[in-house]
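# generate a structure from the sequence data that follows.
(2 chains)
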Amino acid sequence: KAGVTQTPRYLIKTRGQQVTLSCSPISGHRSVSWYQQTPGQGLQFLFEYFSETQRNKGNFPGRFSGRQFSNSRSEMNVSTLELGDSALYLCASSIGQVQETQYFGPGTRLLVL
Amino acid sequence: QQQVKQSPQSLIVQKGGISIINCAYENTAFDYFPWYQQFPGKGPALLIAIRPDVSEKKEGRFTISFNKSAKQFSLHIMDSQPGDSATYFCAAVNYGQNFVFGPGTRLSVLP
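Okay, here's the model as predicted:
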């Protein structure tokens, strides 16, 4: 079975721009969660989608949004980028709703200049 | 209530030694406690996990010890190897609700 894939792997943007990241979960997995990882803050939960519905949301501003499609693929969008948004964005999938085992993708490294 | 504390922040161990990482939580609703291992440039990967009705779980050189009354759990890596050098995250899961990670421990195993 193919693992969680994320595209693009690397991205450079400038302040004020917007960005869309994509995540394809493991086949058969219906839950997708997004995390922001930075050296200073560790792994911070952004949101979780299950069957196209946002189930949980972390403490991030409204500039961060996401969606999930009927095939379970998910996208997250960050608008009006700030320097502090530079981070590794990780997607994790699990079979059902927040399950015990989450499988992570390799992440998308975003650099905001 | 949702926070998971993890210590130490970094750890240096000689090859063959024992690495010990500790975590503590507050929310008694957590019912699953996984540990993840992350190598540079990679996403975290599940290493081993335990439920609160078990006090210890061992898989190869990796052991989780769980103290429900103290709300603490720890990861022990026996016979640590240079290949174990990575960042380790503990996590606590409230089934169907949320997944909370500790801040991580950077382990370096010296050859």
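# just the CA atoms of the longest strand seen in chain B, as CSV, please.
Ranked by residue count, the top strand of chain B under DSSP state E comes out as strand B:86-94. Presented in CSV, the C-alpha positions along strand B:86-94 are these (Å, rounded to 0.1, in the frame of the first residue of the first chain):
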residue,chain,number,x,y,z
ALA,B,86,16.2,10.8,16.0
THR,B,87,13.6,13.0,17.6
TYR,B,88,11.0,11.1,19.7
PHE,B,89,7.5,12.4,20.3
CYS,B,90,5.1,11.0,22.9
ALA,B,91,1.4,11.6,22.3
ALA,B,92,-1.9,11.2,24.0
VAL,B,93,-5.1,10.3,22.2
ASN,B,94,-8.6,11.0,23.3
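# so what's whichever residue of chain B sits closest to chain A up against?
Per CB to the nearest CB, residue B:43 is where chain B lies closest to chain A, at 3.3 Å. Quick note: C-beta positions are derived from backbone N, CA and C, even for glycine. Contact analysis of residue B:43 by CB atoms under 8 Å, 6 or more residues apart in numbering or on different chains lists A:4, A:90, A:92, A:104, A:105, A:106, A:107.
# over to residue B:109?
Taking CB under 8 Å, 6+ apart as the contact definition, residue B:109 lies against B:12, B:13, B:14, B:15, B:17, B:19, B:80, B:81, B:82, B:83, B:84, B:85.
# go again with 10 Å.
B:11-17, B:19, B:77, B:80-86 (CB atoms under 10 Å, 6 or more residues apart in numbering or on different chains).
# quick one: distance of the lowest-mean-pLDDT helix or strand in chain B to the chain centre.
Least confident helix or strand, chain B: strand B:98-101 with a mean of 82, by mean pLDDT, DSSP states H and E. Averaging C-alpha positions (CA atoms, centre = their mean, to the nearest Å) puts strand B:98-101 13 Å from its chain's average.
# kindly report the same for stretch A:69-81.
7 Å.
# now do the end-to-end distance for that stretch.
Start and end residues of stretch A:69-81 are separated by 24 Å (CA to CA, to the nearest Å).
# that one: which residues count as buried?
Within stretch A:69-81, the residues that count as buried by 16 or more other CB atoms under 10 Å in any protein chain shown are A:72, A:74, A:75, A:76, A:78, A:81.
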